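[1] have a look; sequence and predicted model below, questions after that.
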Amino acid sequence: MARIAKGSGALSAAEFNRTIKAFPKLSERAKAVARAVLVEGRAPSEVAEELGCSKQLAYAWSQKVYAACIPTGWVTEAVTLPAELMAEVRKMEADARAELEASLPAPRIVRR
């Protein structure tokens, strides 16, 4: 069984783009690594080799960004369920994320 970071492929592009704004000092390479792991679902070891950093650093960058996107009060658990139950859990998560997304204030547009 391949070992993949718990956050691999865990974010949509919109979620990633919103979360990455909290890290203005993060290098472009670090952002690229985190995006590849969290949005594209690639393994940190694969991304590290491709972008020239250590596996540990690739994992750390992706986990730092992933941790920042978890809504307050939410928990992360690893569970093993029958396929039909897992489908229900994934739908519940998607519904909760959509509800959260709808409750967020619209971004301010600043014109200069």
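    Thanks, I have it.

[2] quick one: contacts of the longest helix anywhere in the chain?
    As assigned by DSSP state H, the longest helix anywhere in the chain is helix 83-103. Contacts to helix 83-103, defined as CB atoms under 8 Å, 6 or more residues apart in numbering, come from residues Glu15, Pro71, Val79, Leu81. Any C-beta I mention is one placed from the backbone N, CA and C, and that applies to glycine too.

[3] roughly how far out does that helix sit from the chain middle?
    15 Å (CA atoms, centre = their mean, to the nearest Å).

[4] may I ask which helix or strand encompasses Glu40?
    Per DSSP states H and E: Glu40 is located in neither a helix nor a strand.

[5] show the pLDDT at it.
    Per-residue confidence (pLDDT) for Glu40: 91.

[6] next up, phi/psi of it, please.
    phi -80, psi -20 (degrees, to the nearest 10).

[7] flag the shaky bits of this structure, pLDDT-wise.
    1-9, 106-112 (pLDDT under 70).

[8] so how far is Ala87 from Val79?
    Applying CB to CB, to the nearest Å, the value for Val79 to Ala87 is 13 Å.

[9] between these two, which one's more packed in?
    More crowded of Val79 and Ala87, by other CB atoms under 10 Å: Ala87, with 11 against 7.

[10] state the distance from that one to Leu104.
    26 Å.

[11] just Glu28 next, same as before
    For Glu28, the distance to Leu104 - CB to CB - is 26 Å.

[12] please enumerate the helices of the chain.
    Using DSSP H, helices in the chain cover 13-20, 28-38, 44-51, 55-69, 83-103.

[13] check the ones you listed for me and report the most buried one.
    helix 28-38 (a mean of 20; mean count of other CB atoms under 10 Å).

[14] which strands or helices does that one pack on?
    Helix 28-38 sits against helix 13-20, helix 44-51, helix 55-69, with contacts defined as 3 or more CB pairs under 8 Å, 6 or more residues apart in numbering; DSSP states H and E.

[15] just the CA coordinates for the longest one, please, in CSV.
    In this case it means helix 55-69. C-alpha atoms of helix 55-69 as CSV (Å, rounded to 0.1, in the frame of the first residue of the first chain):
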residue,chain,number,x,y,z
LYS,A,55,10.4,14.5,1.1
GLN,A,56,10.2,15.8,4.7
LEU,A,57,10.0,19.4,3.5
ALA,A,58,7.3,18.6,0.9
TYR,A,59,5.3,16.9,3.6
ALA,A,60,5.8,19.7,6.1
TRP,A,61,4.7,22.4,3.6
SER,A,62,1.6,20.6,2.5
GLN,A,63,0.6,19.8,6.1
LYS,A,64,1.1,23.4,7.2
VAL,A,65,-1.2,24.6,4.5
TYR,A,66,-3.7,21.8,5.1
ALA,A,67,-3.8,22.5,8.8
ALA,A,68,-4.7,26.2,8.1
CYS,A,69,-7.7,25.3,6.0
